[in-house]
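>>> no FASTA, just this:
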């Protein structure tokens with residue numbers, strides 16, 4: 001059975017995604033920078049180490065760490081839902097225009113995997129920030145790995161959309 005998505009869901013998810021990109025993300029970023037005292041954040045990095053995570057925790061100060069934790073469990077719970085919904089509905093919708101391929105249908109899980117690792121990153125970073133200055137061996141080791149996997153899955157998800165668009169274009173050109 002092939003999943004189908006109505007265009008109203010694709011448009012709705014796209015509008016919400018764009019609202020977040022244009023209005024919400026800049027506001028949250030500004031608030032975060034002002035409240036924490038800097039714009040550096042582990043969840044915005046592609047590669048970092050556990051020791052760099054602790055350096056950030058130290059530089060945030062107690063109030064900054066509390067704000068960081070608050071943002072992870074408010075805004076950063078909503079944002080992954082928004083980008084995952086956007087990527088999933090577009091992947092399914094574009095997949096409707098491509099001849100059935102069983103392996104292709106599993107690619108819809110890329111953004112879901114990204115969201116899972118985003119949540120894992122939030123848990124790990126929260127543990128490190130909450131326990132600072134105490135060491136959190138497993139959390140400080142897993143958190144950078146979760147971030148790296150998250151960003152790779154997000155990138156793969158967007159590249160998949162580009163690939164699907166190109167494939168659809170090629171199919172349409174061949175038909176003409």
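Alright, I've got the coordinates. Here the structure is a predicted model, which means the values were calculated and not measured.

>>> ok, residue 43 - contacts?
72, 76, 118, 121-122, 125, 147 (Cβ atoms under 8 Å, 6 or more residues apart in numbering). C-beta coordinates here come from the backbone N, C-alpha and C atoms, glycine included.

>>> So for it, what's the pLDDT?
What the model reports for residue 43 is a pLDDT of 86.

>>> Ok, residue 26 next?
Value for residue 26, per-residue pLDDT: 95.

>>> what's the answer for the one 4 residues further on, then?
For residue 30, the model assigns a pLDDT of 94.

>>> just residue 120 next, same as before
97.

>>> before we move on, back to that, looking at the contacts of residue 43, state which has the most neighbours.
Neighbour tally across the contacts of residue 43 (other Cβ atoms under 10 Å): the maximum, 28 neighbours, falls on residue 125.

>>> nearest spatial neighbour of residue 140, skipping sequence neighbours?
For residue 140, ignoring the flanking residues on the chain, the nearest one in space by Cβ to Cβ, 6 or more residues apart in numbering is residue 50 at 3.4 Å.

>>> same check, this time on residue 25
Nearest non-adjacent residue to residue 25, counting by Cβ to Cβ, 6+ apart: residue 79, 7.6 Å away.

>>> Next, count neighbours for that neighbour.
By the criterion of other Cβ under 10 Å, residue 79 has 19 neighbours.

>>> what helices or strands is the helix or strand that it is a member of leaning on?
For residue 79, the enclosing helix or strand under DSSP states H and E is helix 75-95. When contacts are defined as 3 or more Cβ pairs under 8 Å, 6 or more residues apart in numbering; DSSP states H and E, helix 75-95 sits against helix 7-19, helix 109-131, helix 137-175.

>>> The same query, at a cut-off of 10 Å, please.
Contact here means 3 or more Cβ pairs under 10 Å, 6 or more residues apart in numbering; DSSP states H and E; on that basis helix 75-95 packs against helix 7-19, helix 25-36, helix 50-72, helix 102-105, helix 109-131, helix 137-175.

>>> Which pLDDT value belongs to the residue nearest to residue 140?
Value for residue 50, per-residue pLDDT: 94.

>>> can you pull the contacts of it?
For residue 50, the contact set (Cβ atoms under 10 Å, 6 or more residues apart in numbering) comprises 42, 124, 128, 135-145.

>>> Check residue 101 too.
Applying Cβ under 10 Å, 6+ apart to residue 101 gives the contacts 95, 107.
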